[in-house]
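Chemist: here's a sequence, model it:
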Amino acid sequence: MIPVLLGGYAAVIVIGSVLLRAYAVWICLGASAVLAGALYTLNKRGNLAASGQEGLPALDNKPADPPIADETSRLLDTLFDYSPNAISVTDEHGKLTRVSRTMERLLGATNEQLIGNSFGAYVSDEHKDKLKQRYGDLRTGTPQLFDIPVLHRSGYRIDLSATGVPLETEGANRRFLFMFQDITERRRADEQFRHMAYYDDMTGLPNRRLFKEQLTETLHLAESHHQRVAVMYVDIDGFKLFNDCFGYDYGDMLLLQVAERFTRCVSDNDFIARTEGDEFAFFYTGIQGREQALQLASRLLSVLEEPFMLEQYELHVTASIGISLLSREHEDADTLMKHANMAVTRAKENGKSDIQIFNSEMRSVSLQKLQLENDLRRAITNNEFVLHYQPQVEIESGQIVGMEALIRWNHPQKGFIPPGDFIPFAEQSGLIVPISEWVLHEACQQNQAWQDAGLPKVPVSVNLSSRQFLQHNLKAKVDQVLQHTGLAPQFLELEITESMTMDVEHAIASLLELKQLGVQVSIDDFGTGYSSLSYLKRFPVDRLKIDRSFVRDIMEDPSDAAIVATIISMTRHLNLKVIAEGVETEEQLSFLHRNQCHEVQGYWFSPPLTADKMGSMLRRITCSAGRLKEA
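Modeler: Presented below is the predicted three-dimensional model:
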């Protein structure tokens, strides 16, 4: 504030006869100005008069000295012209009667071009009614604060923050004073921040936040118009594998092309978003029912059928789609999105390029999975798992030559739960890693305890999970368990499934590291996977286990009999041992014996036993060529 010192008072000089005029000058000075001291008005004769309003000290109304009035006028003119904010005065019809130099620069026009012309001429047509309304409010004596865009004389848009106050509220010569601040850059920054908050940076599509907001608005409209809404989640199949193989740059290129194809096949009434990673979301209004929703989903799949070209690579892409239909009133956006997510999860579980519509059974399954995950976490913490051991018998001698450690879950409410009911979910959730590590440690510790008790020394076989096998420090972890339990490595056999050898080079490297520890290695469920026989001779393994699915029907299915006989013959020629799982009848045992299978395992000899019963068997049992018998 630039004070004018009059008789020791800090004074503010304003034009007019009402205190409201003081606000106009305060606007000119800036928002930090403080009106304090004496308030004067400058009358038409150029005399200063004390206002005496709003608690300010009242002075005698006496003519001001002409030099003081002239100086004050010059100060106000300078303040008006050189204020950093643009200032203008208009009549009640909006015609400009005075403009500051900053105002001239702001609009790109000279004083002569502006004076006498309407300020509204610089306002776009869609905002003229807004300006007209503001003038109407000003005529009532109410100051106005508002934003309005104007056009520079060159034609580009400028966003302004405007403050308007009336200089006179009565009479035929009412005038209004405006102060403008250029907020164009601030508005652009705001729009940029909004775009970042509501749009996906890479594809330019709306993100999950905007999708949810728009869906919420659409649901309100749909409810009032009794329309149905469909929400779809589309998840690109195998995208993680693609990223792992080609890298994230190619993954981004693929997503951009997918987004472009999806965008072309939606109408103006539909909405598309990229919600996360390789997942896109859509919602459609006015859906007639399930059949129309399935048709729309099939159309989305069809636009992916043409191969994608990523530089020199040609890629075929499929997707899984989950659909959620607005089935009743008052369902919110969160619920529909959650249901679509459940449906797409089911579609991915069913295989590639599948479409699933949400139903109540999916909700119950999801709740069961959530409960199962919570129970599994508690089971790990509370040591609810136990191991059973199934003997492995050499056919020729009838001797126990090994035993497989099989996990069981002793649930506090549900009792014993077989591994088939929780292992697949543990693998999906990642909980299989701590569970598998517990199994390895417990089996080694128990075997060493049996040996310390003077029982026969036989290897214990432990299944490695696929996640374990991929760990870079697997060798170190196995070695740590052996060191901690004291078990000699030759009494531990690690089983891997055939599917875990798909990455041949990684499999060979990992198996070699394990063999360096002195442990035995076997391939479990042989014949059910996809490994090449040409690579089998390169794998440093000791045994192959014939899957029980082949052994079960060897007496009824000639194909299974031929497969088993071939595996046994091939294994013997590779100087490997072979063991058949799931032997349950004497006929199966005889067939395996005739075909020179080395070892067998199954209920014909013994079911899986608790640790106590297995210990008792090791103490009491001798073996014959057919069945375990007491000594």
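Chemist: could you measure from N473 over to P607?
Modeler: If you measure N473 against P607 using C-beta to C-beta, to the nearest Å, the figure is 35 Å. Using the backbone N, CA and C atoms, a C-beta is placed for each residue, glycine as well.
Chemist: how about I115?
Modeler: Distance, I115 to P607, by C-beta to C-beta: 104 Å.
Chemist: ok, the two, which is more surrounded?
Modeler: Between I115 and P607, counting by other C-beta atoms under 10 Å, I115 is the more crowded of the two (15 against 11).
Chemist: phi first, then psi, for that one.
Modeler: The phi and psi values for I115, taken as degrees, to the nearest 10, are phi -60, psi 130.
Chemist: tell me the bridge partners for the nearest residue to it once chain neighbours are set aside.
Modeler: Of all residues not flanking I115 in the chain, L96 sits nearest, at 5.6 Å (C-beta to C-beta, 6 or more residues apart in numbering). With DSSP bridges as the criterion, L96 is bridged to T90.
Chemist: quick thing: my sequence starts at 6, can you match it?
Modeler: That works, and once the first residue is 6, the last one we named lands at L101.
Chemist: pretty sure L101 contacts A91?
Modeler: No - applying C-beta atoms under 8 Å as the test, L101 and A91 come out as separate, 11.5 Å apart.
Chemist: let me see the contact set for the closest residue to R304 other than its chain neighbours.
Modeler: Spatial nearest neighbour of R304, excluding adjacent residues (C-beta to C-beta, 6+ apart): C270 at 6.0 Å. C270 sits next to 304-305, 308 when contact means C-beta atoms under 8 Å, 6 or more residues apart in numbering.
Chemist: could I get the residues you listed as JSON lines with secondary structure and distance to F544?
Modeler: Shown next, in JSON lines, are these (DSSP: H, G, I helix; E, B strand; the rest coil; distance: C-beta to C-beta, whole Å):
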{"residue": "R304", "secondary structure": "helix", "distance to F544": "47"}
{"residue": "L305", "secondary structure": "helix", "distance to F544": "43"}
{"residue": "V308", "secondary structure": "coil", "distance to F544": "43"}
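Chemist: put the buried members of the residues you listed into a PyMOL selection.
Modeler: Those of the contacts of C270 that count as buried under 16 or more other C-beta atoms under 10 Å are selected in PyMOL with:
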select buried, resi 305
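Chemist: strands along the stretch 6-155 of the chain, start to end?
Modeler: Secondary structure of the stretch 6-155 of the chain by DSSP state E, counting those that start in this stretch: the strands cover 9-11, 14-20, 43-47, 53-55, 91-96, 101-104, 149-156.
Chemist: pretty sure R266 sits against L309.
Modeler: Yes - using C-beta under 8 Å, R266 makes contact with L309 at a distance of 6.9 Å.
Chemist: S611 - that's part of a strand, no?
Modeler: No - according to DSSP: H, G, I helix; E, B strand; the rest coil, the state of S611 is coil, so it is not within a strand.
Chemist: and it, how many neighbours does it have?
Modeler: Applying other C-beta under 10 Å, we find 21 residues neighbouring S611.
Chemist: verify the stated contact: it with Q395.
Modeler: Yes - using C-beta under 8 Å, S611 is in contact with Q395, at 6.5 Å.
Chemist: any regions of the stretch 106-255 of the chain where pLDDT drops low?
Modeler: The stretch 106-255 of the chain contains residues with pLDDT under 70 at 173-177.
Chemist: can you rerun that using 90?
Modeler: 125, 129-132, 140-147, 158-160, 171-180, 192-202, 206, 226-233, 243, 245-255 (pLDDT under 90).
Chemist: how about the helices in it?
Modeler: For the stretch 106-255 of the chain, applying DSSP state H, counting those that start in this stretch gives helices covering 106-112, 116-119, 130-144, 189-203, 213-230, 244-251, 253-269.
Chemist: okay, now the residue nearest to I120: neighbour count?
Modeler: Neighbour count of L101, defined by other C-beta under 10 Å: 23.
Chemist: can you name the next helix or strand after the longest helix anywhere in the chain?
Modeler: Longest helix of the chain, by residue count under DSSP state H: helix 365-387. Going down the chain from helix 365-387, the next helix or strand is strand 390-399, by DSSP states H and E.
Chemist: partner strands of whatever helix or strand comes next after that following strand, with direction?
Modeler: Per DSSP H and E, strand 390-399 leads on to strand 405-416 as the next helix or strand towards the C-terminus. Strand 405-416 has its sheet partners listed here by DSSP bridges as strand 390-399 (antiparallel), strand 420-422 (antiparallel), strand 465-468 (parallel).
Chemist: so for strand 405-416, what's the average pLDDT?
Modeler: Mean per-residue pLDDT for strand 405-416: 95.
Chemist: and the closest residue to K462 other than its chain neighbours, what is it in contact with?
Modeler: Ranked by C-beta to C-beta, 6+ apart and with sequence neighbours excluded, the top spatial neighbour of K462 is Q456, at 5.3 Å. By C-beta under 8 Å, 6+ apart, the contact set of Q456 is 462, 492, 496.
Chemist: spatially central, which residue of the protein would that be?
Modeler: Geometric centre of the chain, nearest residue: E281, 4.6 Å, by C-alpha atoms, centre = their mean.
Chemist: which residues are contacting stretch 457-464?
Modeler: 405-408, 452, 456, 495-498, 525, 620, 623-624.
Chemist: how about stretch 476-490?
Modeler: The contact list for stretch 476-490 (C-beta under 8 Å, 6+ apart) reads 438, 442, 445-446, 449-450, 453, 469, 473, 492-494, 497, 499, 515, 518-519, 521-522, 524.
Chemist: what are the buried residues along that stretch?
Modeler: Residues of stretch 476-490 classed as buried: 479-480, 483-484, 486-487, 490 (neighbour count, 16+ other C-beta under 10 Å).
Chemist: which residue packs closest to E399, ignoring adjacent ones?
Modeler: V406 (4.7 Å).
Chemist: ok, how many other residues are close to that neighbour?
Modeler: With other C-beta under 10 Å as criterion, V406 counts 18.
Chemist: now list the buried members of the contacts of Q456.
Modeler: Using 16+ other C-beta under 10 Å, the buried ones in those are 492, 496.
Chemist: just the contacts of Q456: which are in helices?
Modeler: Using DSSP H, none of the contacts of Q456 sit in helices.
Chemist: how about the contacts of Q456 in a markdown table, adding pLDDT and distance to P211?
Modeler: Shown next, in a markdown table, are these (pLDDT from 0 to 100; distance: C-beta to C-beta, whole Å):
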| residue | pLDDT | distance to P211 |
| --- | --- | --- |
| K462 | 94 | 66 |
| L492 | 97 | 58 |
| F496 | 97 | 60 |
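Chemist: and which of the contacts of Q456 is nearest G169?
Modeler: L492 (88.1 Å; C-beta to C-beta).
Chemist: give me the phi and psi for the closest one.
Modeler: Main-chain torsions, L492, degrees, to the nearest 10: phi -80, psi 130.
Chemist: same check, this time on S329
Modeler: Torsion angles, degrees, to the nearest 10, at S329: phi -130, psi 120.
Chemist: sorry, back to before: how about the residue nearest to K462, secondary structure?
Modeler: Put simply, Q456 is helix when judged by three-state DSSP.
Chemist: can you tell me how far it is from S554?
Modeler: Going from Q456 to S554 by C-beta to C-beta gives 34 Å.
Chemist: again, but for L260
Modeler: In terms of C-beta to C-beta, L260 sits 40 Å off from S554.
Chemist: N212 reaches M201, doesn't it?
Modeler: No - contact criterion C-beta under 8 Å: N212 and M201 do not qualify, at 9.4 Å.
Chemist: neighbour count for these two, which is higher?
Modeler: N212 (19 against 11).
Chemist: look up how far D240 lies from the more buried one.
Modeler: In terms of C-beta to C-beta, N212 sits 16 Å off from D240.
Chemist: now P154
Modeler: Taking C-beta to C-beta, one finds P154 at 42 Å from D240.
Chemist: who's more crowded, the two?
Modeler: Ranked by neighbour count (other C-beta under 10 Å), P154 and D240 place D240 first, with 20 against 17.
Chemist: so the more buried one bridges to which residues?
Modeler: Counting by DSSP bridges, D240 is bridged to E284, S325.
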